[in-house]
Structure formats: C-alpha cells, structure tokens
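1. kindly generate the corresponding structure for this input.
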Amino acid sequence: MKQTPWRYIGLSVVMATVVACSSDDSESTSSGSFIQYYNGSANSTSTALVLDGYAYSSVSFADSLPRYEYGTGTSELEITGLDAQGEELNIYQSTIELRDADNHLFILVGDYSEPELVDIVYSRSEMDELNSDESGDYSKMQVLIAHAAMGEPSFDLYLGKQGQAFSSAIMLDAISYKGHSDGLIFDTGEYVLYLTESGQAEPVFTTAALELTDNTVYKFIIRNSFGPGTPKIIVDNVDSSGTPDPYVNIDANAEYRVFNGLNNTDTIDAELVSNQESQYLYELKPNQLTEFKDIGYNDYGVTITNSASNQVLANNLLITFNQDESKTIVVYEDELGEAKGMTITHDHRPRAFEHQISLANLVPEFEELMIYFVRSSETIESAEYKLTGVEFTELSSISLPSDDYEISVVFKDENDTLTLLYQSDVVQFNQAGNYTMVLNPDDTEPLGYRLATFQ
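-> Prediction:
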C-alpha cells in the first residue's frame, strides 16, 4: 500500500465565500493508533468494520465511521455486510499492523461481490509541529485525496484559492482508481478543488468553496455518482465526526421528466422557465411518463396548460434543480380537481440485493391507504413488506429484496372494512437500481385507480 511523506505548500492569494464542514482532528496525547472506515462500494449493503472481533456501527455507501483511537500491534480486520437473505456476510478479512501515532483510513471499494479494502496511512506529526511553534499561530491544515470511484479514469488534482482563476491553482498529484494523493500541508483558508482529465489543463470537476480550518486533516474521497452530471463522481469531505459532506460538480446539469397524472384532461403541455433558459414539453397523454431531459441547475417556474384549449391549469409552480439532481415532476389533481405539481428526487444507485421504492399517493378520496407487497407464499395479512397510513400527497419509501411481488392498495374504514383500490399483476423487482411508483385516479382502470411503476 502506498505511503507518502507529508509536504508543505503555501499559497498566497486572495479568497472569498462559502463553507465546507470540517472537524477537529485534534491530536491525542495518549499512545495508540487511529482508525476510520468509509464505505465506497456503490452497490453494497450497509457494512461494518470489525477489529479483533469488535464490530463498529454499520455504514451505508458514501458514509463513514468517526475517527477512533485504537491500540497498537497486530490486529485481525474484517468487513462484514449482508447477503441476499439479510444474514451477516464476511466480505473481507486481513491482518494489519497498527503502529503508534499512525492514522488509518480504510476505504471499501469495488463491486460488492468482490470488494477490496484500501488502507491509507497518514501522519499528523508535521502539521502538529507547525501548529505548536512559539508564535502560537495555529494556521496549518492537511489535505488528502483518494480515488474510490470504480470505472472512472485517472484525474489530476489541483487546489486553488477561492476567488482566483484555475490558472493560479497548484497541482497536488495525479491519481487513479484505488490510489491517493501525496499528503500536503497548507495554510488555512477558502479553497477550490479542481479535477482534470489525466494530462489535461481544463477542469472537468470543480467544487464549491471549501473553508479549510486549522489543525485538521481533510480527507476528500472521489466516489461514484449516478446523477446526470459528468464525470460520474462526487467528492466527499470525510471529517472525523463520521458525517461526510458531499460536493458535486458546480457545473453539472440536472435532469427531469414529467408524469401526467391528470384524470380529466386529454393532453397537457408543460413549460419550464428560468432566468437562463426555457424548455417545453407538448401533448403529454394521461399517465404518460416522458424520457429524462437535461436542464441547467436553477429555479424554474412551471406552467401546465391544456393542449387542446390552451387553458392554464397550473401556473408558475416553483421547482429547483440543483447540480447532478434527477427529478420527476408529477402533475396531479387535488381534492377540488385543480391541477397541482410535486417533485420526486431520484437515487439511481444500484444495490446488490434490494431496491428502494418511493411511492407517491395522489388519491385525494381517502385519508390513509395501505400498500402491500405480496410474495407468492403470502397474502396481504401475512405480507412482510407493506406501507401503512400513506396519506394524500405523501411520498413514502420502503426497501424490498429482489423478488416477484403482487402489489395491493387497500383502504380500511373506521369499521375495519377493506376496500381494494388496485391490485397489480406480478411485478419483478430484479433490475439493478430503485423504483418510483405513483398512485393516481384513472377511469380506464377496472377499480378506478392506477399504480404506475418506473425506474
């Protein structure tokens, strides 16, 4: 495993705005090593670091443990996750040597079926010495960058002061997948991290301003992203609290699609307008879902009109698209029959054995509904997976293991009488990724309601 010496580089330039969350990596006076674990395997279940038989808390993809002090010497390390049946699974094990004052950042990378563990060892000693000189000027911090984005190319890394052009930024290192940068010590301040393609001098990824404060080791991890932006990466600032701050490319587009859930209008047109651009969609049929379309990040006013009469049905709905976001705009009718809109933000991350289901209830006639996901050996009474008390315009979510399900939508009145609103054919949840469902009135359905399912 690559270990690199720390170097100090000073940048004397002017800076400006915005904040990145960091934490105090304060030095411990006791003898021991320090460990931290980050889950960078995009399709993994939650995974746990186990040292010498002690299991730390499980963390999901793009999450991390806090930084912990540990002992020294030879230790048995394991990473555990879950298998398709939800049972504990040992996915990695090795023997490691933990030395006094060493800091270990363990990063799980790769496909969950064959993951690897990257062990980055770094030292704080030079930074601590610089921050403890006679002047008492605690003005130094460290930057460490790791590449955990499987399938993505090598990048050249640059750090520049906020408010200055890219041409004034300093190149930190060139790293490929599973690699990490040299450790660098900088003056504190506000910086911007740039990534370029290997050997190129034009940024393909730029963060917002990073406020880097004293006496802290900033561990930036490049990991996979599944939004519309390019390259398909996000940079996580992994601090010692165990709550990473994600940074998307500030130049990335968003994407959207529209679902026409109106029951009493033949076709609709949609207009999206910001101070930078306008986009139009024409003649969307009832229950039609459009393809995803790129759109610049911004705040948009959305107007829905009847295609035939040009009557405005909903005017200036406000929708915000942030960088690298993927959203569905759902047009529906409220209790009074007036057109309204809601947005569903998507997580397109693949998962090994399960699927995240997001369900929007757009049926105003009932206060609460129950949705049952029934496998072949079950009935609605014995179904393990269900959503209960789903209210009108509520967006609910549930995780389902890969399997075949019949989906039943049921209303229970105050006398415990059950009314079936919808029952699907067998639905196979076996494609990688997550699913979105929209329940809305539909006079063409036998029971008067439709549950649209899409990825």
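
2. how about the strands in the stretch 101-250 of the chain?
-> Assigned strands in the stretch 101-250 of the chain, in chain order: 103-109, 116-122, 140-147, 155-161, 170-175, 183-187, 189-197, 203-206, 210-212, 217-224, 233-238, 245-247 (criterion: DSSP state E, counting those that start in this stretch).

3. ok, which of these comes nearest residue 348?
-> strand 217-224 (10.7 Å; Cβ to Cβ). For the C-beta atoms, the positions are set from N, CA and C on the backbone; glycine is no exception.

4. list the buried residues of the closest one.
-> Residues of strand 217-224 classed as buried by neighbour count (16 or more other Cβ atoms under 10 Å): 217-224.

5. put together TSV for those residues, with pLDDT and distance to residue 99 on each row.
-> Below are these laid out as TSV (pLDDT from 0 to 100; distance: Cβ to Cβ, whole Å):
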residue	pLDDT	distance to residue 99
217	91	17
218	94	23
219	96	19
220	97	24
221	98	23
222	98	27
223	98	28
224	98	32
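
6. tell me the two of those that are most distant?
-> Using Cβ to Cβ, the two most remote members of the buried residues of strand 217-224 are 217 and 224, lying 23.4 Å apart.

7. average model confidence for stretch 286-303?
-> Averaged across stretch 286-303, pLDDT comes to 96.

8. what of stretch 143-155?
-> 97.

9. grab the CA positions of that stretch and hand them over as CSV.
-> In CSV, the C-alpha atoms belonging to stretch 143-155 read as follows (Å, rounded to 0.1, in the frame of the first residue of the first chain):
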residue,chain,number,x,y,z
VAL,A,143,-5.2,17.7,2.6
LEU,A,144,-5.5,14.1,1.5
ILE,A,145,-7.4,12.9,-1.6
ALA,A,146,-8.4,9.3,-2.5
HIS,A,147,-9.9,7.9,-5.7
ALA,A,148,-12.7,5.3,-4.8
ALA,A,149,-14.8,5.7,-8.0
MET,A,150,-14.8,2.3,-9.7
GLY,A,151,-14.8,2.6,-13.5
GLU,A,152,-13.8,6.2,-13.6
PRO,A,153,-10.5,7.4,-15.2
SER,A,154,-7.4,8.9,-13.6
PHE,A,155,-7.5,12.5,-12.5
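
10. and that stretch, how far from the chain's centre?
-> Here stretch 143-155 shows a centroid-to-chain-centroid distance of 17 Å under the convention Cα atoms, centre = their mean, to the nearest Å.

11. also stretch 111-126?
-> Per Cα atoms, centre = their mean, the centroid offset for stretch 111-126 relative to its chain is 21 Å.

12. lowest-pLDDT helix or strand in the protein?
-> When the helices and strands of the chain are scored by mean pLDDT, DSSP states H and E, strand 6-8 comes last with a mean of 37.

13. how about residue 441, what does it touch?
-> Residues near residue 441 by Cβ atoms under 8 Å, 6 or more residues apart in numbering: 263, 333, 362-363, 365, 448-450.

14. measure residue 270 to residue 259 for me?
-> Note on residue 270: its distance to residue 259, by Cβ to Cβ, to the nearest Å, is 10 Å.

15. what sits in contact with each of the two?
-> 329, 331.

16. related to what we said a few turns ago, now the buried residues of strand 217-224 in TSV, with distance to residue 89?
-> As requested, the buried residues of strand 217-224 are exported to TSV (distance: Cβ to Cβ, whole Å):
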residue	distance to residue 89
217	32
218	33
219	27
220	30
221	24
222	27
223	22
224	21
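
17. from those residues, which is closest to residue 411?
-> Of all those, residue 411 sits closest to residue 224, with 41.0 Å by Cβ to Cβ.

18. touching, that closest one and residue 177? I think so.
-> No - in this structure residue 224 lies outside contact range of residue 177 using Cβ atoms under 8 Å: 10.4 Å.

19. between the two, what contacts are shared?
-> By Cβ under 8 Å, 6+ apart, residue 224 and residue 177 have these common neighbours: 148-152.

20. how's this structure carved up into domains?
-> Domains of the chain are assigned by automatic domain parsing as 1-27+129-251, 28-123, 253-346, 353-455.

21. worst mean pLDDT among these?
-> When the domains of the chain are compared by mean pLDDT, domain 1-27+129-251 comes last with a mean of 83.

22. now the helices for the chain?
-> 125-131 (DSSP state H).

23. wait, what's in contact with the residue lying closest to residue 97 once chain neighbours are set aside?
-> Among residues not flanking residue 97 along the chain, residue 74 sits closest, at 5.8 Å (Cβ to Cβ, 6 or more residues apart in numbering). By Cβ under 8 Å, 6+ apart, the contact set of residue 74 is 95-98.

24. so which of those residues are in strands?
-> Judged by DSSP state E, strands contain the following of the contacts of residue 74: 95-98.

25. and which of those residues is nearest residue 110?
-> Ranked by distance to residue 110 (Cβ to Cβ), these are led by residue 96 at 18.5 Å.

26. give the contact list for the closest one.
-> 74-75, 77, 104, 119.

27. out of those residues, which end up buried?
-> 75, 77, 104.

28. what separates the first one from residue 33, distance-wise?
-> Applying Cβ to Cβ, the value for residue 75 to residue 33 is 9 Å.

29. which neighbours do these two have in common?
-> With Cβ under 8 Å, 6+ apart as the test, residue 75 and residue 33 both reach residue 98.

30. does residue 140 touch residue 129 like I think?
-> No - with contacts counted by Cβ under 8 Å, residue 140 stays clear of residue 129, the gap being 9.3 Å.
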